[in-house]
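Asks: Build me a structure from this.
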Amino acid sequence: MNEDIYFYDFGFNLLYILPASSKNGGYISVNCDKDFNGNGSAEILFYDTSLKELITDNPTEIFFKWGNFEGFITSYEFAEQHRIMGMSLNGLVHRAVIPLVSAVTDTTENIARRIISSNVKWLTLGNSIGLTEKVTYSTDTYKHCDELLQELFDLDNSGYEITADTSNKKFVFNTKKTAENELILSGGNLNAYNFISDFNGKEIAYNGWYKDSSDTWHKVTNQSKSGVYDISCVLSADNENNAVKELKEKKAAKSITADIKVLQYGIDYDLGDIVKLQNDDFTVKKVITSVNIHQDNGYGVTPTFEEWEE
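Replies: Numbering: from 1, shown residues only. Below you'll find the predicted structure:
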């Protein structure tokens, strides 16, 4: 792709344009992860003394745009080659802490928009996408806004995206929803290759124990198992509702990555798309939960696919 990287301050003033690699300046490599419902990550390796000095002066007050990835700087490491690390703009709301949320039943979109409108004044609400499924949500402790949003949107498999509108000088919040995509990704269709399947069952549990405010222990269960097949855990929750939510998260982490060719991210497929993945004559529906966008020896995009539950 070899696109320039544009650096801005939080007043939306363009500070610097970093071109593609050269020994006298420019970037060497870029590696970014963009999530459907998460903070993502970014790493840029570069030569450029002027950009190094600019970042040294204001390391926590700079965001950047590279193609269709937008992120901000969280840390740096300057040596013979210079490295900056960061997140996608979704992570900006980690700067805000949200007070207790009383139990409310509504769509995740409506709940999120009210929370942001009341607590994150620097963030502009984009157009509503009209989610219809209602959930009940509450918190029993103060939470960073990104953690709250990700917990909330997990309830209905939706997500969110924060973008920078540099023309109108504002950060914009938009809700994202999953969408059916008729794509069948497979080696046979010549549009996917290098399939890698991952499974991590270290955190899986079927039963959980929690202690309430009177120091009494209780058990919650989401699946009946017996003998050596039964897996229990100790939960941090102190009431049944939170214990049930926490136990639901104690599941195996399964994902598949694949390199995509011919197809273009943002045109042929997007975050939140539900696609058919075909590998070894087995076809299954998966949802695209993140994409890794990278530029090194060449440009590439690698989506991550996770289990899709109807």
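Asks: tell me the centre residue of this protein?
Replies: Nearest to the geometric centre of the chain sits residue 38, at 2.1 Å (CA atoms, centre = their mean).
Asks: That one is in contact with residue 150, isn't it?
Replies: Yes. Residue 38 lies in contact with residue 150 (CB atoms under 8 Å); the separation is 6.2 Å. No exception for glycine: its C-beta is placed from N, CA and C like everyone else's.
Asks: ok, now which ones touch the closest residue to residue 219 other than its chain neighbours?
Replies: Leaving aside its chain neighbours, residue 219 sits nearest to residue 209 (5.5 Å; criterion: CB to CB, 6 or more residues apart in numbering). By CB atoms under 8 Å, 6 or more residues apart in numbering, the contact set of residue 209 is 217-219, 232-235.
Asks: Looking at those residues, state which has the most neighbours.
Replies: With neighbours defined as other CB atoms under 10 Å, the most crowded of these is residue 235; it has 23 neighbours.
Asks: Just want the phi and psi numbers for it.
Replies: For residue 235, the backbone dihedrals (degrees, to the nearest 10) come out as phi -100, psi 160.
Asks: show me what contacts it?
Replies: Contacts for residue 235 (CB under 8 Å, 6+ apart) come out as 208-210, 220, 243, 246-247.
Asks: follow-up on the earlier one: nearest to residue 286, of the contacts of residue 209?
Replies: residue 233 (27.2 Å; CB to CB).
Asks: Mind telling me what element the closest one is part of?
Replies: Under the criterion of DSSP states H and E, residue 233 resides in strand 232-234.
Asks: Tell me which other helices or strands the helix or strand just after that strand touches.
Replies: Counting by DSSP H and E, the next helix or strand C-terminal to strand 232-234 is helix 240-248. If contacts are counted by 3 or more CB pairs under 8 Å, 6 or more residues apart in numbering; DSSP states H and E, helix 240-248 sits against strand 207-211, strand 217-221.
Asks: ok, so what distance separates residue 295 from residue 177?
Replies: Here residue 295 is placed at a distance of 29 Å from residue 177 (CB to CB, to the nearest Å).
Asks: These two: who's more crowded?
Replies: More crowded of residue 295 and residue 177, by other CB under 10 Å: residue 295, with 22 against 18.
Asks: any low-confidence regions in the stretch 101-250 of the chain?
Replies: Nowhere does the stretch 101-250 of the chain drop to pLDDT under 70.
Asks: what about the closest residue to residue 78 other than its chain neighbours, how many residues close to it?
Replies: Among residues not flanking residue 78 along the chain, residue 52 sits closest, at 5.7 Å (CB to CB, 6+ apart). Residue 52 is flanked by 15 other residues according to other CB under 10 Å.
Asks: and residue 52, what pLDDT?
Replies: Residue 52 is assigned 93 on the pLDDT scale.
Asks: give me the element it is part of.
Replies: Using DSSP H and E, the element containing residue 52 is helix 49-57.
Asks: what mean pLDDT does the helix or strand that that helix is followed by have?
Replies: Helices and strands here follow DSSP H and E; after helix 49-57, the next one along the chain is strand 62-66. Regarding strand 62-66, the rounded mean pLDDT is 97.
Asks: the inter-axis angle of the helix or strand just after strand 62-66 versus helix 49-57?
Replies: For strand 62-66, the following helix or strand on the C-terminal side (DSSP H and E) is strand 69-78. With axes from the mean of the first three to the mean of the last three CA atoms, to 10 degrees defining the directions, strand 69-78 sits at 90 degrees from helix 49-57.
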